[in-house]
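>>> let me see the structure of the following:
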Amino acid sequence: MKPFNLEAALKGARVVTRDGREVTSIGHMPTAKERQQVVYVVDESVWACGLDGVRPSGITRWDLFMAPTKKTYWVNVYKSGSGIPYTGSSHPSEEEARILKDKHRYYVTTISFEVEE
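This next block holds a predicted model:
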C-alpha cells in the first residue's frame, strides 16, 4: 500500500483505509491535537488521524493510505515462423504499439494489460 500523502489527498487523489474502504471527504485541521489534524469521512462516519495517516490509538483498519492507481500498457503479439506466439515490448499507448505492428509481418494482434502502481 502507498503511504498516506496529505498534500496529494487534499488535491483530490483517492485515499483508502487500511482495509480498503474509500475516504469520501478529507480535511486538514492544523490547530487540532497532533494525532487528530486530519479529519476524514468513511461510510458516513467521521474519523481523525495524524499527518501520517495513523489513528491516535495506533495502527488500525482505519489508518489512511493512498489508493492504488492502475496504468494500462499495450503489447503486440506476433507469431513465429513455426507458429509459436510471442510478444514484443510494452508500450504506454495503444497508438504507439500499433505504429510498430506495421513493421512486422508476423503481427497477430495488440492487447492491453493493467499494472497496479
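
>>> and stretch 103-117, C-alpha only, in CSV?
Taking C-alpha atoms only, stretch 103-117 is exported to CSV below (Å, rounded to 0.1, in the frame of the first residue of the first chain):
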residue,chain,number,x,y,z
LYS,A,103,6.9,-3.0,-39.3
HIS,A,104,6.5,-6.7,-38.5
ARG,A,105,5.0,-9.2,-41.0
TYR,A,106,4.1,-11.8,-38.3
TYR,A,107,1.8,-9.4,-36.4
VAL,A,108,-1.3,-11.1,-34.9
THR,A,109,-3.0,-8.5,-32.5
THR,A,110,-2.4,-5.8,-30.0
ILE,A,111,-3.5,-6.4,-26.4
SER,A,112,-3.6,-4.3,-23.2
PHE,A,113,-2.9,-5.1,-19.6
GLU,A,114,-3.1,-3.1,-16.4
VAL,A,115,-0.5,-2.8,-13.7
GLU,A,116,-1.4,-1.5,-10.2
GLU,A,117,1.1,1.1,-9.1
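
>>> now the strands for the chain?
2-3, 15-17, 25-28, 38-42, 45-49, 64-66, 70-79, 85-91, 107-116 (DSSP state E).

>>> from the contact counts, what lies against the last one?
This means strand 107-116. In terms of contact count using 3 or more CB pairs under 8 Å, 6 or more residues apart in numbering; DSSP states H and E, strand 107-116 is assigned the packing partners strand 70-79, helix 94-101. C-betas here are computed from N, CA, C, even on glycine.

>>> and the fifth one, by the same measure?
Packed against strand 45-49, as judged by 3+ CB pairs under 8 Å, 6+ apart, are the following elements: strand 38-42.

>>> tell me what angle the strand it packs on forms with strand 45-49.
Angle, strand 38-42 to strand 45-49, by axes from the mean of the first three to the mean of the last three CA atoms, to 10 degrees: 150 degrees.
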